[in-house]
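> here are the coordinates; sequence isn't available:
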């Protein structure tokens, strides 16, 4: 690792991210040949992208493959990034496109769902503990995941980016290449549909 | 304000994303129709549940698998580069060399072609033998219109009965 990057990354952990390199700076360093800048970007984005893709596809294994593919694209197409856009928008767009391709491919054969035939949550694990042990309102989240899978795909992706990833409307608009007004409307519709499905689920 | 408009604005109201006028309209509608308060509460609950939910993380093997894939990618690239000759793969280079060889061979084999040894000899330095066998053009009026029968089509002297 280049000495300066190592020092700066070290400082960033020690000093409450005061000197934390921006994503845009890291991708620039990676474009200039610093492989460790790539590692840092992977570290920053692997879980965020996984959370997004997993909620969107409702498939843990497939989501991990998509995130790996996203990182490989970042590695092989690093020069395609231009600093006119935020790095996060760029990487989310890559992940979204790859996830969308997978979703279309697997629309009719979603074999490895987060839910088994009996309606039980399967293989959704965080690093150490199962998701069930880590979430406070586990039942609500399980129900929510199931309902999320049932709302239209274009509503789901917007809701996931807004409420799980907590991205701004502007960034979601750029990632999905849809006007902000449409994004707001889809998110609102998606939330209402989720609320209705959740209500039916409880009844 | 009707119900559809109210429903369209639920998220914006929760996220404080309405103009003052829109906000007042929304709240007035809600005050007149308290039965819809539950709708707002449901959406609010959904939002907070999603935002408070634990992030799904990648498996422990993620980094290892990714590095393996990248390593394979690098090896693949290096491998393909080492096989190249003048920018062509070995196989393509072999095809190209064979094709060129075949073209050159054919050019030399064709009769009367530009590379033919006879033509080169005849055109560049006419040998003594040829200079004898090929007739010199006779400019005299007597022979001008008469066909010369002393030579066959190949320029070989075949004799002339008249002479």
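Structure's in. What do you need? Fair warning: this is a prediction, and the values are worked out from it, not measured in the lab. Numbers count the residues shown, from 1 in each chain, chains lettered A, B, ... in the order given.

> secondary structure element for residue 46?
This is for chain A. In this assignment (DSSP states H and E), residue A:46 forms part of helix A:35-57.

> please go with chain B instead
Assigned by DSSP H and E, residue B:46 belongs to helix B:37-52.

> just checking, what packs against that helix?
Judged by 3 or more Cβ pairs under 8 Å, 6 or more residues apart in numbering or on different chains; DSSP states H and E, the packing partners of helix B:37-52 are helix A:138-148, helix A:180-202, helix B:10-14. For the C-beta atoms, the positions are set from N, CA and C on the backbone; glycine is no exception.

> now do 10 Å
helix A:138-148, helix A:153-159, helix A:180-202, helix B:3-8, helix B:10-14, helix B:20-32 (3 or more Cβ pairs under 10 Å, 6 or more residues apart in numbering or on different chains; DSSP states H and E).

> could you redo the ones you listed as TSV and give each row mean pLDDT and mean neighbour count?
Shown next, in TSV, are those (pLDDT from 0 to 100; neighbours: other Cβ atoms under 10 Å in any protein chain shown):
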stretch	mean pLDDT	mean neighbour count
helix A:138-148	76	19
helix A:153-159	95	21
helix A:180-202	90	18
helix B:3-8	94	14
helix B:10-14	95	20
helix B:20-32	95	13
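
> mind checking which of these is nearest residue B:93?
Closest to residue B:93 of the helices and strands packed on helix B:37-52, according to Cβ to Cβ: helix A:153-159, at 47.9 Å.

> check which element follows that closest one along the chain.
In N-to-C order, the element after helix A:153-159 by DSSP H and E is helix A:169-176.

> before we move on, the earlier item: which of the helices and strands packed on helix B:37-52 sits closest to residue A:73?
helix A:153-159 (18.7 Å).

> check whether the closest one contacts chain B.
Yes: using Cβ under 10 Å from any Cβ of the partner chain, helix A:153-159 reaches chain B at residue A:159.

> tell me which strands and helices that helix is in contact with?
helix A:35-57, helix A:87-105, helix A:138-148, helix A:169-176, helix A:180-202, helix B:37-52.

> could you list every helix and strand in contact with the fourth one?
Same thing as helix A:169-176. Under the contact criterion of 3+ Cβ pairs under 10 Å, 6+ apart, helix A:169-176 touches helix A:87-105, helix A:153-159, helix A:180-202.

> please convert the helices and strands packed on helix B:37-52 to JSON lines, extending it with distance to residue B:105.
Putting the helices and strands packed on helix B:37-52 into JSON lines (distance: least, Cβ to Cβ, whole Å) gives the following:
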{"stretch": "helix A:138-148", "distance to residue B:105": "70"}
{"stretch": "helix A:153-159", "distance to residue B:105": "63"}
{"stretch": "helix A:180-202", "distance to residue B:105": "68"}
{"stretch": "helix B:3-8", "distance to residue B:105": "80"}
{"stretch": "helix B:10-14", "distance to residue B:105": "78"}
{"stretch": "helix B:20-32", "distance to residue B:105": "85"}
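
> closest to residue B:52 out of these?
Going by Cβ to Cβ, the one of those nearest residue B:52 is helix A:138-148, 8.6 Å.

> the helix holding residue B:46 versus helix A:180-202: what angle between them?
Orientation check (axes from the mean of the first three to the mean of the last three Cα atoms, to 10 degrees): helix B:37-52 against helix A:180-202 gives 100 degrees.

> may I see the buried residues of stretch A:93-100?
A:93, A:94, A:95, A:96, A:98, A:99 (16 or more other Cβ atoms under 10 Å in any protein chain shown).

> just to revisit the earlier point, include distance to residue A:32 when you put the helices and strands packed on helix A:169-176 into a markdown table, please.
Listed next are the helices and strands packed on helix A:169-176 as a markdown table, based on distance: least, Cβ to Cβ, whole Å:
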| stretch | distance to residue A:32 |
| --- | --- |
| helix A:87-105 | 15 |
| helix A:153-159 | 33 |
| helix A:180-202 | 34 |
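
> out of these, which gets nearest to residue A:173?
helix A:180-202 (4.6 Å).

> any stretches of chain B with poor pLDDT?
In the predicted model of chain B, residues B:75-89, B:111-163 satisfy pLDDT under 70.

> the domain parsing of it - what is it?
Listed by automatic domain parsing, the domain ranges of chain B are B:3-51, B:85-136.

> distance between the ends of the shortest one?
One end of domain B:3-51 sits 27 Å from the other (Cα to Cα, to the nearest Å).

> could you chop chain A up by domain?
Split by automatic domain parsing, chain A gives A:1-113, A:116-203.

> worst average pLDDT in those?
Across the domains of chain A, domain A:116-203 has the smallest mean pLDDT, namely a mean of 78.

> distance to residue B:19 added to the helices and strands packed on helix A:153-159, as JSON lines?
Shown next, in JSON lines, are the helices and strands packed on helix A:153-159 (distance: least, Cβ to Cβ, whole Å):
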{"stretch": "helix A:35-57", "distance to residue B:19": "31"}
{"stretch": "helix A:87-105", "distance to residue B:19": "27"}
{"stretch": "helix A:138-148", "distance to residue B:19": "31"}
{"stretch": "helix A:169-176", "distance to residue B:19": "16"}
{"stretch": "helix A:180-202", "distance to residue B:19": "14"}
{"stretch": "helix B:37-52", "distance to residue B:19": "18"}
